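**Q** below: sequence and its predicted model.
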Amino acid sequence: MPGVVRVVFMGTPSFALPVLDALNASENVRVCGVFTPPDRPGGRGRLPISPPVKIYALELGLEVHQPPTLRSQQAQTLLSSLKPDIIVVAAYGRFLPPPVLNLPPRGCLNLHPSLLPRHRGPSPVVTTILEGDYATGVSLMLLDEGMDTGPVIASRNHKVTGNETAEGLTGELFQIGAALLMENLVLWAQGLLTARPQDQNGATVTRKVEREDGQADWSLSALDLERRLRAYTPWPGLYSQWDGKLIKFLDVAAVSYEIDTELHDRKLPPGSVVRLAGPDPLGVVTGTGMLTLKTVQLEGRNSATAAEFLRGYAGFVGALL
């Protein structure tokens, strides 16, 4: 396909901005339209809040469209009028119906933050952290009617250190994805690349994260709870209830009982708050090991280090969460 590649970009959150930026900066690409969901009311005043992709696209001088659905004839006619060679999707958050999938001559390409077919679905990065994966990556795929089931054009591995939050790792993966897209987009448009079908035997599917997932289950191991905090950052976090209020755990560390033989011998039930020696003086007994609390936030209060919190709420020690 000679000449400049006409691209319609579809995305929503700030994670998608590096992809839009890379497309807009390329001499071989013309972004002929940006699609993002409608503004939503938010904040105390319930004023309309624009998706980050809309704000950035307008700063770049790009044409922005916010149809409530892509299933309407109006939205599909609009898309057709833009005459895209390719539609590029990055964290758009909505399914593309068959008429949209079939509209551009070279299809609809999606950046998915996992190594497909592992972790298909809405929460690949969260699941990567929850399951303690040692490696992840980004897949550039051709969308079909399934949930992340289309053939893969290219992928790139990324090592997981074990310290990442979902927020930080997602940002890293979309930066990698932007580079991966630009290395392959024009070649794909020219028909010089072949997409390979996914191996269905290795497929796993993630589920949507719910607020209740952040409720601490103290029967789990300390390591699992520490992973949950990282996986659920920034939302829904890791939390419990104490004295009739919500208490959030903003920074924690999983350690073994061996840090304190006396605590180990007492065999306290999971959820028991204990006092520890050292700079982080609060811990919670779990199903296996101790979860050291480093930073906490009680409902209606500012966040505080464990030492600061203990000075104000000495009665927290001995509580059963």
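**A** Structure's in. What do you need? Residues are numbered from 1 along each chain as shown.

**Q** how's this structure carved up into domains?
**A** 5-202, 211-316 (automatic domain parsing).

**Q** could you list the low-confidence segments of this structure?
**A** Applying pLDDT under 70 to the chain flags the ranges 1-2, 256-266.

**Q** now do the helices in it.
**A** For the chain, the helices defined by DSSP state H occupy 17-25, 52-59, 73-82, 98-101, 124-130, 166-189, 222-231, 261-266, 306-312.

**Q** which one of these lies nearest to Asp144?
**A** helix 98-101 (6.9 Å; C-beta to C-beta). To be clear about C-beta, it is placed using only N, CA and C from the backbone, and glycine gets the same treatment.

**Q** on that earlier part again, export the domains of the chain to CSV and tack on mean neighbour count?
**A** As requested, the domains of the chain are exported to CSV (neighbours: other C-beta atoms under 10 Å):
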stretch, mean neighbour count
domain 5-202, 18
domain 211-316, 17
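
**Q** which one, of the helices of the chain, ends up nearest to Gly237?
**A** Between Gly237 and those, the shortest separation by C-beta to C-beta is 7.1 Å, and it involves helix 222-231.

**Q** got a list of what Ala91 touches?
**A** 11-13, 15-16, 111, 174 (C-beta atoms under 8 Å, 6 or more residues apart in numbering).

**Q** what do you get for Val4?
**A** Residues counted as contacts of Val4 (C-beta under 8 Å, 6+ apart) are 27-30.

**Q** narrow these to those in strands?
**A** Assignment to strands by DSSP state E places the following of those there: 29-30.

**Q** pick the one among the contacts of Val4 closest to Leu130.
**A** Closest to Leu130 out of those is Val29 (35.9 Å), distances taken as C-beta to C-beta.

**Q** show me what that closest one is bridged to.
**A** Bridge pairing for Val29 (DSSP bridges) gives the partners Val5.

**Q** same thing with the one 5 residues further on?
**A** Taking DSSP bridges, one finds Phe9, Val64 as the beta-bridge partners of Val34.

**Q** ok, it to Gln66 distance?
**A** 9 Å (C-beta to C-beta, to the nearest Å).

**Q** and Asp199, by the same measure?
**A** Going from Asp199 to Gln66 by C-beta to C-beta gives 37 Å.

**Q** strands paired with the lengthiest strand in the chain, and their directions?
**A** When the chain is parsed with DSSP E, its longest strand is strand 245-255. Strand pairing for strand 245-255, determined by DSSP bridges: strand 239-242 (antiparallel), strand 290-298 (antiparallel).

**Q** of these, which is nearest Glu164?
**A** Nearest of these to Glu164, taken as C-beta to C-beta: strand 290-298 at 17.0 Å.

**Q** residues contacting that closest one, please?
**A** 222, 225-226, 242, 245-257, 259-260, 263, 274, 276, 280, 282-284, 303-306, 309, 313.

**Q** do stretch 40-54 as well
**A** Applying C-beta under 8 Å, 6+ apart, the contact partners of stretch 40-54 are 9, 11-14, 16-17, 20, 34, 36-37, 39, 64, 66.
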